[in-house]
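> pasting the sequence and the predicted coordinates here, then a few questions.
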Amino acid sequence: MVDPLLMIPGPSNPYPEAVKEANSRFIPHYGEEFLKLYWETVNKLKRLFGTKSDVYLYPGQATSVVEMILNSILDKGDYIIFIGRGFFVDRFRRIAELYGGKPVNIASERIGSRINVSELEYILKSIAPKAVFLVHSETSTGLLEDIDSISSVILDNTFFIVDAVSIFGAIEYKSDEWRIDACIGYSSKALGALPGVTPFMLSEKLTNYILDRKSHKGFLNDLKTWIEYKDLWKHHPYPVSLSSPIILSIKGAVDRILDEGIKNIEYRHRKISKLSIEYASSIGIEKLPEDGFESPTVTVGLLNNNYDARHIAEELLKNYNIMISTTWLIGLNGLRIGHMGYNAREDYIEKTYRGIEEIIKSYK
Ligand SMILES: Cc1ncc(COP(=O)(O)O)c(C=O)c1O
């Protein structure tokens, strides 16, 4: 059986360079060779995050890192603003509540549109929250929020946390310029490596805030542990074991991205996103996100009620061996088509929409 083509919003098919690197050696997560690989990878990831601050590699899923950040920052009763609408914003808002935070949601007028930044600015000044949380590319709706405008109104004493999970590796990231305090990526979405590791960056401001805290708020689930171990064990600057094959794959993917050039990578993703929207529109699928703010990594489009999104996705897999997703997470009748990392390619997009078109025609 041939593996399906993964035109889903992650995981994506890894870059061949990532797979090659992962298969090249098997080494433990410490020792001279691993440390060299680790620091080289971390330093290259800093370029992708657009930061001079520290970057960490967490051996687990992105949600664990978000949970750790919320646990580390929030004290009981702290306000935290969650920007926008969608599945992931809702999930993280609920997690903030579990850690004693008081989430305030600034919702957009409709699913798929940007928030009103003046409203954010007004509420920021009224409640002076501990943090603002932004899902930059909301994978459930296909919206890429307007991070430039949002970052311009964040207050100096508010932490700015950004979930870049489904966009990291696809565009030129500017964590320092956008004054981000914590930015969360992922290994197997646009970064194009193997799944299972979450790279994240922390600003100096947030690092100092955490270090100034007297006690820990857990062990693995507290940023303080990760920050302290960076200097505590020089031969093992992380508190637990790491997966060397995945980190090798990240190195392979990052080298590939830097070779292609970050600006070229962004151009390729934006071009493919435009093409995807054009194909969708040509077969009657209406894109959900607002004009000019479509995520370069995922197209979310709604179907008219003559068609059943889940049926189309099942048929595409069965007859064309192409996997796509649906908008089930937000309860709409639509498709979610991922085009990230290695899979941001014209031939893959064309093949995917040709299949969808045939299935739609077979309805008639
Ligand atoms: C925007 C966004 N945030 C967070 C997550 C959660 O990632 P994980 O499953 O690695 O916890 C996802 C997963 O698709 C995502 O798309």
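Thanks, I have it.
> mind listing the helices for the chain?
Assigned by DSSP state H, the chain shows helices spanning 16-22, 32-49, 62-73, 87-98, 117-127, 147-153, 204-212, 223-232, 244-260, 262-282, 309-320, 346-362.
> list the residues that contact the residue minimising distance to the centre of the chain.
By CA atoms, centre = their mean, the chain has its centre lying nearest to V165, at 1.0 Å. By CB atoms under 8 Å, 6 or more residues apart in numbering, the contact list for V165 reads 10, 62, 88, 135, 137, 139, 184-186, 189. No exception for glycine: its C-beta is placed from N, CA and C like everyone else's.
> try it again at 7 Å.
Contacts for V165 were tallied using CB atoms under 7 Å, 6 or more residues apart in numbering; they are 62, 184-186, 189.
> a markdown table please, covering the residues you listed and showing pLDDT, distance to Y267 and neighbour count.
Formatted as a markdown table, those follow (pLDDT from 0 to 100; distance: CB to CB, whole Å; neighbours: other CB atoms under 10 Å):
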| residue | pLDDT | distance to Y267 | neighbour count |
| --- | --- | --- | --- |
| A62 | 98 | 26 | 24 |
| I184 | 99 | 24 | 25 |
| G185 | 98 | 20 | 28 |
| Y186 | 98 | 22 | 26 |
| K189 | 98 | 18 | 29 |
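> out of these, which are close to the ligand?
For the ligand, the contacts drawn from these by CB under 6 Å from any ligand atom are 62, 186.
> and the contacts of V165, which two are the farthest apart?
Spatially, the most separated pair among those is I184 and K189, at 11.2 Å (CB to CB).
> ok, K189 to R354 distance?
Separation of K189 from R354 (CB to CB, to the nearest Å) stands at 24 Å.
> try G31
Distance of G31 to R354, given as CB to CB: 49 Å.
> which pLDDT value belongs to the residue nearest to the centre of the chain?
pLDDT recorded at V165 is 98.
> ok, now which ones touch the nearest residue to L5 once chain neighbours are set aside?
Closest residue to L5 apart from its sequence neighbours, by CB to CB, 6 or more residues apart in numbering: I322 at 4.7 Å. Taking CB under 7 Å, 6+ apart, we find I322 in contact with 4-5, 7, 316, 351-352, 355.
> and the residue of the stretch 201-350 of the chain nearest the ligand?
Using CB to the nearest ligand atom, the single residue of the stretch 201-350 of the chain nearest to the ligand is V298, 8.3 Å away.
> so that residue bridges to which residues?
G338 (DSSP bridges).
> could you count how many residues lie near it?
Number of residues near V298 (other CB atoms under 10 Å) recorded here: 32.
> what parts of this structure come near the ligand?
Within the chain, the residues that sit near the ligand (CB under 6 Å from any ligand atom) are 10, 61-63, 88, 135, 139, 163, 165-166, 186.
> low-confidence regions, this structure specifically.
The chain contains residues with pLDDT under 70 at 364.
> with adjacent residues omitted, what lies nearest to L258?
Here the residue nearest L258, using CB to CB, 6+ apart, is K44, at 6.5 Å.
> select, out of the helices of the chain, the one closest to S175.
Between S175 and these, the shortest gap by CB to CB is with helix 32-49, which sits at 4.8 Å.
> tell me the angle of the closest one relative to helix 244-260?
Using axes from the mean of the first three to the mean of the last three CA atoms, to 10 degrees, the direction of helix 32-49 lies 50 degrees away from that of helix 244-260.
> packing partners for helix 32-49?
Counting contacts by 3 or more CB pairs under 7 Å, 6 or more residues apart in numbering; DSSP states H and E, helix 32-49 packs against strand 54-58, helix 244-260.
> can you redo these as TSV with distance to F26?
Listed next are those as TSV, based on distance: least, CB to CB, whole Å:
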stretch	distance to F26
strand 54-58	18
helix 244-260	7
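> mind putting those into JSON lines with mean neighbour count?
Output for those, formatted as JSON lines (neighbours: other CB atoms under 10 Å):
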{"stretch": "strand 54-58", "mean neighbour count": "20"}
{"stretch": "helix 244-260", "mean neighbour count": "22"}
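> nearest to K20, out of these?
helix 244-260 (6.1 Å).
> just the contacts of I322 now: which is nearest the ligand?
M7 (14.5 Å).
> that's all I had, so thanks and see you.
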